[in-house]
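>>> test case, fold it:
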Amino acid sequence: FVWDHGRRAQRQACVALGVIRDPRALPALLAALKRRPRWSLVRTKDPQIRAAAAMALTNFPDDVAVRHLERAVSDREPMVRSAARTALARLQGTVRASEDEESALGPAAQEELERVFGSAVPGTMV
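The predicted model follows:
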């Protein structure tokens, strides 16, 4: 239970950092996107946290963010891949944030993101 609460807080922190758009948040979001945390006993990070970080990076049009998102497109977790593709598309201007989320995300990924975040899916905060 405590672990789940911590994961929820981490997901919400990623969303908040994306909303705030402070450049000082970029290193934290990039670290959250990584699959395997450095110096951790946890084998891999929760894909929901990593997907939230990817979506939050939509608000950081930075070359470093783009490179990390490009790597995340080939992630083993479908939710992370989908979020990274959507974030890259938005950063490159090929998908507007106001467009229907389902057209950018697969239906299963969209459903899971809505389950995790409610109606405020990360990445719609422009």
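>>> make it CA atoms for all contacts and neighbour counts henceforth
Will do.
>>> what distance do you get for the closest residue to residue 11 other than its chain neighbours to residue 83?
Setting aside the residues directly before and after it, residue 11 is nearest to residue 49 in space (CA to CA, 6 or more residues apart in numbering), at 4.8 Å. Residue 49 sits 11 Å away from residue 83, going by CA to CA, to the nearest Å.
>>> who has more neighbours, those two?
Using other CA atoms under 10 Å as the criterion, residue 49 and residue 83 rank with residue 83 on top: 32 against 26.
>>> what sits against the more buried one?
51-52, 54-55, 105 (CA atoms under 8 Å, 6 or more residues apart in numbering).
>>> ok, 7 Å please
51, 54-55 (CA atoms under 7 Å, 6 or more residues apart in numbering).
>>> now those residues as JSON lines including distance to residue 78?
Shown next, in JSON lines, are the contacts of residue 83 (distance: CA to CA, whole Å):
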{"residue": "51", "distance to residue 78": "9"}
{"residue": "54", "distance to residue 78": "13"}
{"residue": "55", "distance to residue 78": "14"}
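>>> highest neighbour count among those?
The most crowded member of these, judged by other CA under 10 Å, is residue 54 (36 neighbours).
>>> so where's the protein shaky on pLDDT?
By pLDDT under 70, the low-scoring segments of the chain are 1-5, 37-44, 94-126.
>>> longest helix anywhere in the chain?
Longest helix in the chain, counting residues (DSSP state H): helix 2-20.
>>> what is the subsequent helix or strand relative to that one?
helix 26-33 (DSSP states H and E).
>>> got the buried residues for that following helix?
26, 29-30, 32-33 (16 or more other CA atoms under 10 Å).
>>> tell me which element residue 89 is part of?
Assessed by DSSP H and E, residue 89 sits inside helix 78-91.
>>> now do that helix against helix 26-33, angle only.
Angle, helix 78-91 to helix 26-33, by axes from the mean of the first three to the mean of the last three CA atoms, to 10 degrees: 150 degrees.
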